[in-house]
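Here is my input, please return the structure:
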Amino acid sequence: MSRRERHGAVLLEVMIALAILTSAGVTVVSLAAESARAVSRSRAAEAELRAANGFFSAVALWPRADLDRHLGDRGEGRWIMRVDRPRPTLYVVTLSDSASRALVLRTSLYRPEAPHVAP
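Numbers count the residues shown, from 1 in each chain. Predicted coordinates for the structure are as follows:
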């Protein structure tokens, strides 16, 4: 192989190596960007869950009368709250995202019936 042909082969090898390195670099940068987006989405979901939990903490303190007044679906800020009473002493409260209707939180609350007073 002449010296001139050898220089051409070395140049071709360098170009191929640069292409491989560029491809690997783009992959690493893309992976890092996707990881950053995943962390951001996770933080946003955690903040949403914390806010919903704070709201649920307040709802858990409601007496029977308040829960009865809120039966069915109603908008509560950025959520849709649904209160169901499957049994006379059991309430199921569900909080869904108002935009996507995705379930955020659900809980069951027990409220004893009022004692019957004899006349």
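
Pass me the low-pLDDT residue ranges in this structure, would you?
1-7, 116-119 (pLDDT under 70).

Find the centremost residue of it, please.
Centroid-nearest residue in the chain: Ala45, 3.8 Å away (criterion: C-alpha atoms, centre = their mean).

Report the secondary structure state of that one.
helix (DSSP: H, G, I helix; E, B strand; the rest coil).

and it, how far is that from Arg64?
Going from Ala45 to Arg64 by C-beta to C-beta, to the nearest Å gives 33 Å. Any C-beta I mention is one placed from the backbone N, CA and C, and that applies to glycine too.

can you map out the strands along the protein?
72-76, 79-87, 90-97, 103-110 (DSSP state E).

Give me the residues contacting the third one.
Residues outside strand 90-97 that contact it (C-beta atoms under 8 Å, 6 or more residues apart in numbering): 48, 52, 55-56, 59, 67, 76, 78-86, 102-111.

Flag every buried residue along that strand.
For strand 90-97, burial by neighbour count (16 or more other C-beta atoms under 10 Å) applies to Tyr91, Val93, Thr94, Leu95, Ser96.

ok, the residues you listed vs Ile16, which is closest?
For the buried residues of strand 90-97, the minimum distance to Ile16 (C-beta to C-beta) is 54.2 Å, reached by Ser96.

Tell me the bridge partners for that closest one.
Ile80, Leu103 (DSSP bridges).

mind checking how far it is from Asp73?
Counting by C-beta to C-beta - Ser96 and Asp73 are separated by 9 Å.

Next, format the buried residues of strand 90-97 as a markdown table and append distance to Ala17.
Shown next, in a markdown table, are those (distance: C-beta to C-beta, whole Å):
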| residue | distance to Ala17 |
| --- | --- |
| Tyr91 | 67 |
| Val93 | 62 |
| Thr94 | 58 |
| Leu95 | 56 |
| Ser96 | 54 |
